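Asker: structure, please.
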Amino acid sequence: MENINLKIEGMHCDGCAKRLEKVLNNIEGVKTAKVSFSDKCASIEYTEENVSIEELKEAIVDAGFEVIG
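Answerer: You can find the predicted model right below:
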């Protein structure tokens, strides 16, 4: 199990964070994803055999947000 914290831009409210959290938690290989609007951060626990960091970043962009760094 791997952990990653990604800085997220483009969230305007807690609803955005909850929506992104739902998107991430529905990805095969993601055990848990927590998104904080106030910290502008997504903390993701995942299995790298099932999903890559690039796939996680792509899902965030597809949901309408930007990954910083």
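Asker: can you count the residues close to E45?
Answerer: When neighbours are defined as other CB atoms under 10 Å, E45 has 13 of them. All C-beta spots, glycine's among them, are computed from the backbone N, C-alpha and C.
Asker: thought it was touching T32?
Answerer: Yes: between E45 and T32 there is a contact at 4.8 Å, judged by CB atoms under 8 Å.
Asker: spit out the contact partners of the spatially most distant residue from the centre of the chain.
Answerer: No residue in the chain sits farther from the centre than E49, which is 17.3 Å out by CA atoms, centre = their mean. By CB atoms under 8 Å, 6 or more residues apart in numbering, the contact set of E49 is G29.
Asker: how close does it sit to G10?
Answerer: To G10, E49 is 29 Å away according to CB to CB, to the nearest Å.
Asker: what number of residues are in the vicinity of G64?
Answerer: G64 has 12 neighbouring residues, counting by other CB under 10 Å.
Asker: let me know the pLDDT of the residue lying closest to it once chain neighbours are set aside.
Answerer: Nearest residue to G64, sequence neighbours excluded (CB to CB, 6 or more residues apart in numbering): G10, at 6.5 Å. On pLDDT, G10 comes in at 96.
Asker: now do L56
Answerer: With respect to pLDDT, L56 has a value of 97.
Asker: helix/strand/coil for it?
Answerer: Under DSSP: H, G, I helix; E, B strand; the rest coil, L56 falls in the helix class.
Asker: isn't it up against N25?
Answerer: No: using CB under 8 Å, L56 makes no contact with N25, being 11.5 Å away.
Asker: higher neighbour count, these two?
Answerer: Per other CB under 10 Å, whichever of L56 and N25 has more neighbours is L56, with 20 against 14.
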